[in-house]
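Asks: Predicted coordinates and the sequence they were generated for:
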Amino acid sequence: MNSQMSHMTLKGCTNVAVRNIKLVAPGNSPNTDGFGVQSSTGITLTGSTIQTGDDCVSIGPGSRNFLISKLNCGPGHGVSIGSLAKTLNEDGVENVTVSDSVFTGTTNGVRIKSWARASTGFVNKVFFQNLIMKNVQNPIIIDQNYCPTHQGCPTEHSGVKISQVTYRNIQGTSATQQAMNLACSKTNPCTGITLQDIKLTYNKGTPASSYCFNAVGTSLGVIQPTSCLNR
């Protein structure tokens, strides 16, 4: 409870199972990430509750074969892959699954985030599935234009290559009208994006909207808000 910064972090770990933990801090507490993983392989996080002022789960460079299931997240900033592209030579993120989880009152639901600068990093084979969003500001978001002070981003585009990301059976309510925001790199399009059976409504009574930039993929089943993917 009430960690001054991150609550629990795994770095350089292999085959670790974390079950039934509860991490709690005020929703307005800065940088109090719940559970963080970096440079680790074969991690499982299941059956847990995370209520913090920053990411419920943060997934850093070098994370592979990471399974998150039965997570109750909120308040907080959701589940985030990134920030990536902090350095030029950076390991990638691969084979991450987030399933059967609930996000309540969070800033983001499932997010992929990279700095708008050169990097050798990548994100590949990610599955976000069977998720419920309750009054989430950005239920589905890719942000490859992260540069909060507009400094340190000389190229103004992200070198991180995002591919094979699936969003399947994600339902609930968005606290903002733009429920889906896929803003990919200006020079490296997101490819292999799959949207399947998405139903997100804007809780103010008007239809939700989607925004895509440089995102290429496929839509299957009912997609609400209407898909904006390029094909």
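Replies: Good, I have the coordinates.

Asks: count of neighbours near the closest residue to residue 97 other than its chain neighbours?
Replies: Closest residue in space to residue 97, ignoring its immediate chain neighbours: residue 127 at 4.5 Å, by CB to CB, 6 or more residues apart in numbering. To be clear about C-beta, it is placed using only N, CA and C from the backbone, and glycine gets the same treatment. Residue 127 sits with 17 neighbouring residues when counted by other CB atoms under 10 Å.

Asks: Tell me the bridge partners for residue 127.
Replies: residue 97, residue 166 (DSSP bridges).

Asks: and it, what does it touch?
Replies: Residue 127 is in contact with 96-99, 165-166, 168, counting by CB atoms under 8 Å, 6 or more residues apart in numbering.

Asks: ditto for residue 159
Replies: Counting by CB under 8 Å, 6+ apart, the residues that residue 159 touches are 85, 88, 117-121, 185, 187-188.

Asks: quick one on the thing from earlier: and the residue nearest to residue 97, how far is that from residue 163?
Replies: 13 Å (CB to CB, to the nearest Å).

Asks: from what I can see residue 218 touches residue 191, true?
Replies: No - at 10.6 Å, residue 218 does not count as touching residue 191 under the criterion of CB atoms under 8 Å.

Asks: Looking at the two, which one has more neighbours?
Replies: Per other CB under 10 Å, whichever of residue 218 and residue 191 has more neighbours is residue 191, with 16 against 13.

Asks: got a pLDDT number for the most far-flung residue of the chain relative to its centre?
Replies: For the chain, the residue at maximal distance from the C-alpha centroid (CA atoms, centre = their mean) is residue 205, at 25.8 Å. The model reports residue 205 with a pLDDT of 73.

Asks: Same check on residue 28?
Replies: For residue 28, pLDDT reads 96.

Asks: how near is it to residue 75?
Replies: Distance, residue 28 to residue 75, using CB to CB: 8 Å.

Asks: Quickly list what's touching both of these two.
Replies: residue 53.

Asks: In terms of neighbours, single out the busier of the two.
Replies: residue 75 (21 against 8).

Asks: can you pull the contacts of the nearest residue to that one once chain neighbours are set aside?
Replies: Leaving aside its sequence neighbours, residue 75 sits nearest to residue 27 (CB to CB, 6+ apart; 3.3 Å). Taking CB under 8 Å, 6+ apart as the contact definition, residue 27 lies against 51-53, 75-76, 105.
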